[in-house]
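Participant: sequence below, structure please.
(one chain, ligands or ions: 1)
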Amino acid sequence: MADSEELNLIEGTVEAVIYQNQENGYTVLKLDCGEQGGITVVGCMPGAAPGEGLSVRGSWMRHASYGEQFKAETVDRRMPAGEKAVFDYLASGAVRGIGAATAKRMVEEFGSETLNILEENPELLTKIHGVTRKRALAMGENFRSQMGMRRLLEFLAANGLPLQLAMPLYRRYGDRTLEVLRSNPYLLVDEELGVSFSLADELALSVGLDGEDPQRLEAGLLFELSHNLNNGHTFLPRHKLIGATAQLLGVEDTEALEDGLEALVERGEVIQEDTAKQEAVYLFDLYEAECFVAQRMADMSAGEMVAPEGLDRILENIQKEQGITYAPQQREAVRLAATAQVMLLTGGPGTGKTTSLRGVLALFEAMGLETALAAPTGRAAKRLGELCGVEAFTIHRLLETQFDSASGRLVFAHDESDPLKADAVIVDETSMVDITLMRALLAALRGECRLVLVGDPDQLPSVGPGNLLGDLIRSGRIPMVRLTEIFRQAAESAIVMNAHAVNRGELPDLHNGSDKDFFFLRRRDAAGTADTIVELCKTRLPQKMGIPADQIQVLSPTRRHTTGTASLNRAIQEALNPGGDGRAERRFGEYVFREGDRVMQVRNNYDILWRQRDGMESGMGVFNGDIGAILKVDSRDETITVDFDGRIVEYTTDLLGELEPAYAVTVHKAQGSEYRAVILAVCDGAPMLLARGVLYTAITRARELFIIVGDEQKVAQMVANDRQQRRYSGLRARLAKME
Ligand SMILES: Nc1ncnc2c1ncn2[C@@H]1O[C@H](COP(=O)(O)OP(=O)(O)OP(=O)(O)O)[C@@H](O)[C@H]1O
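Facilitator: Got it, this is the predicted structure:
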């Protein structure tokens with residue numbers, strides 16, 4: 001943004017509002033600037049209405065279809081003054097419940113005092129013919145909330161906070177918003193609102209909070225704890241929490257922080273307990289989730305189910321139907337499912353997890369059990385459904401999850417009070433399930449419901465907190481079958497064999513000739529790596545191997561650097577979907593979104609609406625990792641329409657921050673998805689990201705073809721680096737202690 005000195009200033013009265021986006025406040029209006037005449041002004045001016053006086057700083061620009069416009073950077077707004085302006089304002093419908101006729105009578109009666117009366121003495125409005133007391137009070141109330149919104153906007157603008165916060169804040173706190181914000185600016189640090197801790201902290205200090213105020217210290221501690229959920233921890237050791245918070249807040253006196261922590265413990269907002277040989281500090285919800293999962297898992301593992309009569313005969317029939325003979329481990333898995341209330345089924349690629357899962361499903365069907373199939377992501381659920389020939393759901397969908405914007409929490413329609421009807425639930429890709437989702441799932445199972453958890457513990461762990469699958473396996477408490485034999489068919493695949501090699505800490509075979517499905521293209525430098533990847537996507541794979549570009553996924557361990565996803569996305573977009581041929585595009589932040597682009601939703605949004613391509617069905621929710629293609633960029637409505645596998649979603653400007661280009665995605669984001677061809681850039685990346693689990697997960701995403709482009713020394717570095725990032729989780733210790 002340019003300095004305000006360099007900006008032009010125009011002043012005038014709003015003549016008409018041409019367009020206003022209620023969600024983000026984007027407004028196009030006609031400003032009457034006296035001698036200069038009417039000027040079209042665009043920018044964020046939520047709630048602006050005719051009659052208001054505006055002083056706008058900004059710059060002139062030329063819009064392709066609408067001509068000369070003034071783009072507002074900062075706006076000072078004055079309530080309408082003078083009878084005409086007050087009339088224009090009220091007659092425009094700016095205040096709910098007041099139309100042109102009422103506005104005329106009000107101004108005739110009260111003149112330029114009308115707005116004061118409306119705000120402070122609305123009962124006086126009964127003087128006007130036809131206005132009852134009830135209506136007068138309602139008009140006053142509407143005006144006050146309108147004013148509340150305006151003041152909130154002014155407060156946000158004055159403190160350098162995004163105006164887009166006004167609507168969600170107002171939805172949450174109503175008329176009290178300003179008061180609430182002033183008394184606790186840290187409420188802004190919340191996933192939905194997305195304000196950084198440092199911005200809220202700046203605000204807190206600027207409204208006069210002392211650097212060592214308990215409120216600040218407690219907010220810092222809570223922020224550190226919740227921030228660390230994103231690193232996968234369910235708790236933090238007390239000394240680490242205190243140290244990290246002291247650094248965050250720049251306070252030296254850790255004693256004051258210790259006191260702050262005590263206060264939080266006393267109020268039950270955090271729990272401290274000696275767990276896993278640590279003085280563990282948990283946020284209450286995480287503590288509760290971990291205890292709940294441990295208890296329920298322990299109870300279910302003790303629950304012995306009765307095997308159906310003639311189990312062997314049933315197994316024979318299933319094998320006949322599937323046309324295979326189970327290997328001993330697979331047989332054991334299916335048999336175990338007959339008698340265990342909960343079980344784990346684990347193994348690497350090609351060891352027959354899916355085949356065994358289908359066996360378990362067939363067994364449950366033969367036993368007359370109503371069985372639900374689920375997976376943590378939409379893509380994983382889709383694949384599971386296709387492989388099993390019945391519908392599979394995401395766990396969120398199975399539980400009918402909704403986002404409650406008032407509390408900022410997820411609400412599960414199915415829980416203890418309304419459990420799932422299913423007699424058995426089978427979950428695939430369990431490595432991606434975090435502790436809170438597991439808690440929700442377990443809470444929704446009826447007392448006698450069976451649960452089969454299938455997964456590969458060597459995949460990267462869940463994005464959310466906990467080390468669920470790993471902890472369940474290592475606790476030794478849950479009945480488990482681990483599949484180790486690689487099937488002949490799978491063993492012919494270099495993808496499968498190399499994945500196993502990497503998992504054992506051996507180098508993948510990078511020089512295997514050209515008849516396989518696993519290739520290595522050596523490029524010593526980053527620019528060469530990026531160029532080769534672009535060429536593979538654009539020409540080599542589509543033309544030489546018949547794999548269309550939309551079935552190729554480029555992966556990188558990192559977002560930054562030349563071979564990180566941000567830069568690769570720009571290069572691949574330029575090659576596959578360049579601008580300039582009439583396809584509409586829109587710049588947003590560091591990205592250009594263009595019609596035809598592949599994009600990814602990067603956070604869970606439970607509220608966003610979608611409709612089916614054929615218009616027959618509609619619903620809500622697009623989730624982190626969902627991949628789609630841009631159908632339309634509408635510059636007039638400022639919307640971008642995306643097709644997610646047949647579900648059509650319209651993104652308004654305020655939602656665009658949830659969308660990213662997806663020609664290249666990080667390996668972490670690709671978890672749980674499979675692609676026909678995968679190209680992995682192995683060149684740049686922090687040591688933490690050049691890790692064995694990342695390479696293993698990348699390889700196992702490929703169905704037909706896997707290509708590494710880059711430096712073999714970096715490949716070796718990844719294989720050697722098996723230091724998994726430590727996750728603080730108490731589940732394993734808790735399970736071990738259970739009676
Ligand atoms: N008992 C069996 N007899 C013959 N072939 C089998 C048997 N079990 C599995 N297979 C074959 O081995 C291959 C791998 O099996 P499956 O897809 O079930 O493994 P997976 O562990 O789910 O692998 P991935 O994790 O890679 O999806 C498949 O081609 C499957 O048909």
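
Participant: right, and the ligand sits closest to which residue of the stretch 101-250 of the chain?
Facilitator: Gly232 (22.7 Å; CB to the nearest ligand atom). Heads up, the C-betas are built off the backbone N, CA and C, glycines and all.

Participant: my guess is that residue contacts Gly470. True?
Facilitator: No: the criterion here is CB atoms under 8 Å, and Gly232 misses it with Gly470 at 10.7 Å.

Participant: okay, and the common contacts of the two?
Facilitator: Common neighbours of Gly232 and Gly470 (criterion: CB atoms under 8 Å, 6 or more residues apart in numbering): Pro461.

Participant: stretch 684-696 spans what distance, first to last residue?
Facilitator: Distance across stretch 684-696, first residue to last, is 17 Å (CA to CA, to the nearest Å).

Participant: next one: Val265 from the ligand, what distance?
Facilitator: Taking CB to the nearest ligand atom, to the nearest Å as the measure, Val265 falls 44 Å from the ligand.

Participant: which ones are touching that residue?
Facilitator: Neighbour list for Val265: Ile271, Gln272 [criterion: CB under 8 Å, 6+ apart].

Participant: where does it sit: helix, strand or coil?
Facilitator: helix (DSSP: H, G, I helix; E, B strand; the rest coil).

Participant: what secondary structure does the closest residue to Glu321 other than its chain neighbours sit in?
Facilitator: Nearest residue to Glu321 in three dimensions, chain neighbours excluded: Ala362, at 6.7 Å (CB to CB, 6 or more residues apart in numbering). Under three-state DSSP, the three-state class of Ala362 is helix.

Participant: Ala362 contacts Gln322, correct?
Facilitator: Yes: when contacts are counted by CB under 8 Å, Ala362 is listed as touching Gln322 (7.3 Å).

Participant: ok, the two, which is more surrounded?
Facilitator: More crowded of Ala362 and Gln322, by other CB atoms under 10 Å: Ala362, with 20 against 13.

Participant: residues in contact with that one?
Facilitator: Ile318, Glu321, Gln322.

Participant: and for Pro80?
Facilitator: Contacts for Pro80 (CB under 8 Å, 6+ apart) come out as Thr13, Gly51, Glu52, Gly53, Val86, Asp88, Tyr89, Leu115.

Participant: quick one, phi psi at it?
Facilitator: phi -60, psi 140 (degrees, to the nearest 10).

Participant: that one: what's its closest spatial neighbour, skipping adjacent residues?
Facilitator: Nearest to Pro80 is Gly51, by CB to CB, 6+ apart, at 3.7 Å.

Participant: and the one you found, what element?
Facilitator: Using DSSP states H and E, Gly51 sits within no helix or strand.

Participant: quick check, pLDDT for it.
Facilitator: On pLDDT, Gly51 comes in at 87.

Participant: got it, and Ala138?
Facilitator: 92.

Participant: the chain against the ligand: which residues are in contact?
Facilitator: 324-327, 330, 347, 349-355, 487, 489-490 (CB under 6 Å from any ligand atom).

Participant: out of those residues, what pair is the most spread apart?
Facilitator: Using CB to CB, the residues of the chain next to the ligand reach their maximum pairwise distance at Thr325 and Pro349, which is 20.8 Å.

Participant: looking at the two, which one has more neighbours?
Facilitator: Pro349 (22 against 10).

Participant: make sure that one is indeed in a helix.
Facilitator: No: applying three-state DSSP, one finds Pro349 to be coil, outside a helix.

Participant: sorry, back to before: how much space separates the closest residue to the residue of the stretch 101-250 of the chain closest to the ligand other than its chain neighbours from Ile426?
Facilitator: For Gly232, ignoring the flanking residues on the chain, the nearest one in space by CB to CB, 6+ apart is Arg727 at 4.4 Å. From Arg727 across to Ile426, the span is 26 Å (CB to CB, to the nearest Å).

Participant: more neighbours, the two?
Facilitator: The residue with more neighbours, out of Arg727 and Ile426, is Ile426; 25 against 18, by other CB under 10 Å.

Participant: what kind of secondary structure is that one in?
Facilitator: strand.

Participant: please apply the same query to Ser462.
Facilitator: Reduced to three states by three-state DSSP, Ser462 is coil.

Participant: residue contacts, whatever residue of the stretch 401-550 of the chain ends up closest to the ligand?
Facilitator: For the stretch 401-550 of the chain and the ligand, the shortest gap (CB to the nearest ligand atom) falls at Phe487, measuring 3.2 Å. The contact partners of Phe487, by CB under 8 Å, 6+ apart, come to Ala327, Gly350, Thr351, Gly352.

Participant: try Asp434
Facilitator: For Asp434, the contacting residues are Ser462, Val463, Gly464, Pro465, Gly466, Leu468, by CB under 8 Å, 6+ apart.

Participant: try 10 Å this time
Facilitator: By CB atoms under 10 Å, 6 or more residues apart in numbering, the residues touching Asp434 are 229, 232, 234, 286, 289, 376, 461-468.

Participant: neighbour-wise, which of those leads?
Facilitator: Leu468 (31 neighbours).

Participant: how close does the residue positioned nearest the centre of the chain get to Phe623?
Facilitator: In the chain, the centroid-proximal residue (CA atoms, centre = their mean) is Arg603; its distance is 1.5 Å. Arg603 is 8 Å from Phe623, where distance means CB to CB.

Participant: likewise for Met79?
Facilitator: Applying CB to CB to Met79 and Phe623 gives a distance of 43 Å.

Participant: the two: which has the busier surroundings?
Facilitator: For Met79 versus Phe623, the count of surrounding residues by other CB under 10 Å is larger for Phe623: 20 against 15.

Participant: residue of the stretch 201-350 of the chain closest to the ligand, please.
Facilitator: Counting by CB to the nearest ligand atom, the stretch 201-350 of the chain gets nearest to the ligand through Pro349 (3.4 Å).

Participant: mind checking pLDDT for that residue?
Facilitator: pLDDT for Pro349: 93.

Participant: so who does it touch?
Facilitator: 456, 458-459, 486, 490, 493, 495-500, 503, 696, 699-700, 702.

Participant: swap in Arg583?
Facilitator: Counted by CB under 10 Å, 6+ apart, Arg583 has contacts Asn577, Arg594, Glu595, Gly596, Asp597, Ile630, Lys632, Val633.

Participant: report the buried members of these.
Facilitator: Asn577, Arg594, Glu595, Asp597, Ile630, Val633 (16 or more other CB atoms under 10 Å).

Participant: helices of the stretch 451-600 of the chain, start to end?
Facilitator: 468-475, 488-491, 494-504, 526-535, 565-576 (DSSP state H, counting those that start in this stretch).

Participant: against which helices or strands is the longest one packed?
Facilitator: Judged by 3 or more CB pairs under 10 Å, 6 or more residues apart in numbering; DSSP states H and E, helix 565-576 is in contact with helix 526-535, strand 552-556, strand 591-594, strand 598-601, strand 659-661, strand 664-666, strand 675-682.

Participant: again, only this time at 7 Å
Facilitator: Here helix 565-576 is seen to pack against helix 526-535, strand 552-556, strand 664-666 when contacts are counted using 3 or more CB pairs under 7 Å, 6 or more residues apart in numbering; DSSP states H and E.
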